[in-house]
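*Asks:* I would like to see how this sequence folds:
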Amino acid sequence: MLHVRGRGLPDGEPVEWWIADGVLRSEPVAGAETVWDGGWVIAGLVDAHCHVGLGPDGEMPLQEAIAQAEVERDAGALLLRDCGSPTDTRGLDDHHDLPRIIRAGRHLARPKRYGRGHAIELEDEWQLPEALAQQARRSDGWVKLVGDWIDRSVGDLAPLWSDAVLHAAIDAAHAAGARVTAHVFSEDALPGLIAAGIDCIEHGTGLTEDTIAMMVEHGTALVPTLINIDNFPEFAAGASKFPLYATHMRELYASCPQRIAAARDAGVPIYAGSDAGSHVEHGRIADEVDALTGIGMTPTEALGAACWDARRWLGRPALEDGAPADLLCFQQDPRDGAGVLSRPDRVILRGRVF
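*Replies:* Next up, the predicted model:
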């Protein structure tokens, strides 16, 4: 039995919690040991776009996936929305020292239209509705499709699916009880996905005034993965055989801050995701929070996008009576930047101190 006391966020008011049987209690618990007194106490961070179990060529040994999750825990990310993984990581749920994971099953793509070994590749696009429904039954309430990728026949980014297929597939996933998200870099794939009722867009570097308005109308969320967008110049440099694609990627990189800022200003719900496990190392959610301030979010708003607001969006509690005791303690204000946020002074996961 434990006891913590400090200041909470977003309001900065004093908070005091007791922990018994792995959950938070607002009423005193006799005999509780005070393990934190002063500073700041917040719910564990959320990385809303993270790939535990994804290696350079796809599937990896489970022990390596465990090591990835440990890095996330130590950086304070205690709830991960695993946005597509070829490794079955459900066994990690038995490890009470690892973050909680919300899985989206495996990516779904067309042949040779995504990273090697990352996705289930569908020969016929009309296989997508049933494939999404199958992944919904294997997931934790989310499924993931690849909305666009380089098409070597045209030498540029291009959508993978027709509008009719997207409507049928997203309806099938919703009927199976799952929300749907999609990898999207370019402009062309966005209208069909949003009109079909997709719940979230990952990256969104091709947003325009029209598609931002569509997202507001449909209530579509955005996880921009800004620290991964920093890799676009490298992607372009490695694609000399496809000059149209390389130029497009450089243009998307250059315009990304303005496009994501416009989405934020229009009222699109934005959440923090690092895209760890692809071209981004694990444990960098604090850097993504910093990047969100660069598109106009206040420090409190940006932290909320990786904490209390993200938890509400994912249907998971933050700090409230009876919630799982997953929290972070800081001597310094965690809104003071990644140097503070990435190094919590106490990590408490499932009621245990790390």
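
*Asks:* how much space between residue 293 and residue 168?
*Replies:* With distances taken as Cβ to Cβ, to the nearest Å, residue 293 is found 40 Å from residue 168. Every residue, glycine included, has its C-beta placed from N, CA and C.

*Asks:* next: residue 267.
*Replies:* Applying Cβ to Cβ to residue 267 and residue 168 gives a distance of 29 Å.

*Asks:* which residues touch the residue lying closest to residue 98 once chain neighbours are set aside?
*Replies:* Excluding the flanking residues, the one nearest residue 98 by Cβ to Cβ, 6 or more residues apart in numbering is residue 69, at 4.4 Å. Residue 69 sits next to 52, 80, 92, 95, 98-99, 101 when contact means Cβ atoms under 8 Å, 6 or more residues apart in numbering.

*Asks:* likewise residue 334?
*Replies:* For residue 334, counting by Cβ under 8 Å, 6+ apart, the contacting residues are 9, 40, 42, 303, 328, 340-341, 344.

*Asks:* what ranges does the stretch 1-150 of the chain have for its helices?
*Replies:* 62-74, 128-138 (DSSP state H, counting those that start in this stretch).

*Asks:* just put these in JSON lines and tack on distance to residue 116 and mean pLDDT.
*Replies:* Shown next, in JSON lines, are the helices of the stretch 1-150 of the chain (distance: least, Cβ to Cβ, whole Å; pLDDT from 0 to 100):
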{"stretch": "helix 62-74", "distance to residue 116": "18", "mean pLDDT": "97"}
{"stretch": "helix 128-138", "distance to residue 116": "19", "mean pLDDT": "96"}
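
*Asks:* ok, which of those helices comes nearest residue 207?
*Replies:* Counting by Cβ to Cβ, residue 207 lies closest to helix 128-138 out of the helices of the stretch 1-150 of the chain; the figure is 23.4 Å.

*Asks:* pull out the buried residues from the closest one.
*Replies:* Using 16 or more other Cβ atoms under 10 Å as the burial criterion, the residues of helix 128-138 that qualify are 128-129, 131-136.

*Asks:* against which helices or strands is it packed?
*Replies:* Taking 3 or more Cβ pairs under 8 Å, 6 or more residues apart in numbering; DSSP states H and E as contact, the helices and strands that helix 128-138 lies on are strand 107-109, strand 142-146, helix 163-175.

*Asks:* swap in 6 Å and give it another go.
*Replies:* Counting contacts by 3 or more Cβ pairs under 6 Å, 6 or more residues apart in numbering; DSSP states H and E, helix 128-138 is packed against strand 142-146, helix 163-175.

*Asks:* return the most buried member of these.
*Replies:* strand 142-146 (a mean of 27; mean count of other Cβ atoms under 10 Å).

*Asks:* check which strands are paired with the strand ranked longest in the chain and give the direction for each one.
*Replies:* Assignment by DSSP state E gives strand 33-43 as the longest strand of the chain. Sheet partners assigned to strand 33-43 using DSSP bridges are listed as strand 2-7 (parallel), strand 327-330 (antiparallel).

*Asks:* winner for burial among those strands?
*Replies:* Comparing these by mean count of other Cβ under 10 Å gives strand 327-330 as most buried, with a mean of 24.

*Asks:* show me what it is in contact with.
*Replies:* 36, 39-44, 76, 344-346, 348 (Cβ atoms under 6 Å, 6 or more residues apart in numbering).

*Asks:* circling back: of all the helices and strands packed on helix 128-138, which one is nearest residue 275?
*Replies:* strand 142-146 (12.2 Å).

*Asks:* packing partners of whichever helix or strand residue 194 is part of?
*Replies:* For residue 194, the host element (DSSP states H and E) is helix 190-195. In terms of contacts (3+ Cβ pairs under 6 Å, 6+ apart), helix 190-195 is packed against helix 209-218.

*Asks:* what's the helix it packs on in contact with?
*Replies:* Under Cβ under 6 Å, 6+ apart, the answer for helix 209-218 is 190, 194, 262-263, 266-268.

*Asks:* mind redoing it with 8 Å?
*Replies:* 187, 190-191, 194-195, 197, 201, 207, 220, 222, 262-263, 266-268.

*Asks:* now those residues: which count as buried?
*Replies:* 187, 190, 194-195, 197, 201, 207, 220, 222, 262-263, 268.

*Asks:* restricted to helices, list these.
*Replies:* Using DSSP state H, 190, 194-195, 262-263 are the members of the buried ones among the contacts of helix 209-218 that sit in helices.

*Asks:* between all of those, which two are separated the most?
*Replies:* So, these by Cβ to Cβ: farthest apart are 195 and 262, at 19.5 Å.

*Asks:* measure the residue nearest to residue 90 when sequence neighbours are not counted to residue 79 for me?
*Replies:* Leaving aside its chain neighbours, residue 90 sits nearest to residue 103 (7.4 Å; criterion: Cβ to Cβ, 6+ apart). From residue 103 across to residue 79, the span is 12 Å (Cβ to Cβ).
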